[in-house]
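Student: what follows is a predicted protein model with its sequence.
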Amino acid sequence: MDIQDNNQRDSNERRKSSWKTVFFGFIKSRRSLGRRESESDLIFSDWTSPKVVFIAAGIMIMSALDAFFTLELLQRGFYEANPIIAVIMVTGVFNFVAFKMIITGVAVLILTYLARVTVFRFIRVSSILNIAFGIYSILISYELYFLFIEF
């Protein structure tokens, strides 16, 4: 047998990705804990709780709704209370929406990645995501209230 024949690979690649692979990896990921008992501090694995993923997606959806409702309320005579966002809004709607979604997206991505970490010895990072979800829910309710009442 020639060495070159030994390096030939099978043309049937068994590691092809598909949506089935993504779904299966999401639901039945293999490693959700550290490998050793000594790995108790920061645990980074290939698995994120579906609850955390849905909370993160909900925050992003509510962020987009918040941007839309804010623009609608501004057209009705309201003003932006956040001074940083108010300055960005002067530069244009696209810049406002892009800034809002990028900042929210990066924050949610980092918090989702660190969801299983405990900070300040007693706060789990996933709790911060839950609190953000609750605050966004209150904010969206507040905006909907003003969108549907008549002045």
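Tutor: On my side now, so go ahead.

Student: please, where are all the strands along the protein?
Tutor: Remark: strands assigned in the chain by DSSP state E are 118-119, 123-124.

Student: so which residues make contact with the last one?
Tutor: Residues lying outside strand 123-124 but in contact with it, judged by CB atoms under 8 Å, 6 or more residues apart in numbering, are 115, 116, 117, 118. C-betas here are computed from N, CA, C, even on glycine.

Student: ok, now with 10 Å
Tutor: Defining contact as CB atoms under 10 Å, 6 or more residues apart in numbering, one finds that strand 123-124 is touched by 114, 115, 116, 117, 118, 130, 131.

Student: direction included, what does that strand pair against?
Tutor: strand 118-119 (antiparallel) (DSSP bridges).

Student: state the mean pLDDT of the partner strand.
Tutor: Here strand 118-119 scores 82 as its mean pLDDT.

Student: likewise stretch 139-146?
Tutor: The average pLDDT within stretch 139-146 is 94.

Student: in it, which residues are buried?
Tutor: By 16 or more other CB atoms under 10 Å, the buried positions in stretch 139-146 come out as 139, 140, 143.

Student: what of stretch 106-121?
Tutor: Buried positions in stretch 106-121, judged by neighbour count with 16+ other CB under 10 Å: 107, 108, 111, 112, 114, 115, 116, 118.

Student: what does stretch 127-140 give?
Tutor: By 16+ other CB under 10 Å, the buried positions in stretch 127-140 come out as 129, 132, 133, 136, 139, 140.

Student: so where's this protein uncertain?
Tutor: Confidence mapping of the chain against pLDDT under 70 gives the ranges 1-47, 150-151.

Student: for the longest helix that it contains, packing partners?
Tutor: With secondary structure taken from DSSP state H, the chain has its longest helix at helix 50-75. Helix 50-75 is packed against helix 19-27, helix 83-90, helix 93-113, helix 125-148, with contacts defined by 3 or more CB pairs under 10 Å, 6 or more residues apart in numbering; DSSP states H and E.

Student: buried sites along stretch 63-80?
Tutor: Applying 16+ other CB under 10 Å to stretch 63-80 flags 63, 66, 67, 69, 70, 80 as buried.

Student: closest one of these to residue 149?
Tutor: Nearest to residue 149 among the buried residues of stretch 63-80 is residue 69, at 13.5 Å by CB to CB.
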